[in-house]
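J.: coords please:
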Amino acid sequence: MRRMDIEITPEAQAGFDELPTRMQDRVDNLIGRLEQWPRVSGVKPLQHNWKGHYRLRTGKYRVVFHLEGDAIVIDRIDDRKDVY
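T.: The predicted structure is shown next:
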């Protein structure tokens, strides 16, 4: 099975950069797991305005992404109260 390419939008990178260092390590681990798509546990498809997107969570933070061809594009990395 081919590994997926991971792309991070500037908005998601800015959200990642604002995270506490410990949480950056946890989110980095989640992003690494996405390379194994679709065999990634804990992924939830989103609805309504975010239809076509998915999320992974760690603690109170969310990684929101969508598929684009052979790539996973990470759109947001933020606190759950601000991400949606």
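J.: all contacts plus neighbour counts: C-alpha atoms, from now on.
T.: Fine.
J.: give me the number of residues near residue 57?
T.: Residues near residue 57, counting by other CA atoms under 10 Å, number 19.
J.: Specify the beta-bridge partners of the residue nearest to it when sequence neighbours are not counted.
T.: Closest residue in space to residue 57, ignoring its immediate chain neighbours: residue 63 at 6.2 Å, by CA to CA, 6 or more residues apart in numbering. Following DSSP bridges, residue 63 is listed with bridge partners residue 56, residue 77.
J.: quick one: contacts for residue 63?
T.: By CA atoms under 8 Å, 6 or more residues apart in numbering, the contact list for residue 63 reads 27, 55-57, 74-78.
J.: Show me which of these is closest to residue 39.
T.: Ranked by distance to residue 39 (CA to CA), those are led by residue 56 at 12.9 Å.
J.: In this structure the closest one contacts residue 43, no?
T.: Yes - contact criterion CA atoms under 8 Å: residue 56 and residue 43 qualify, at 5.1 Å.
J.: neighbour count winner among the two?
T.: residue 56 (20 against 16).
J.: ok, that one - contacts?
T.: 30, 42-44, 62-64.
J.: Go again with 7 Å.
T.: Contacts for residue 56 (CA atoms under 7 Å, 6 or more residues apart in numbering) come out as 42-44, 62-64.
J.: How confident was the prediction at the residue sitting nearest the centre point of the chain?
T.: By CA atoms, centre = their mean, the chain has its centre lying nearest to residue 63, at 3.0 Å. Note for residue 63: predicted pLDDT of 97.
J.: ok, back up a step: nearest to residue 23, of the contacts of residue 56?
T.: Among these, and counting by CA to CA, the member closest to residue 23 is residue 62, at 10.9 Å.
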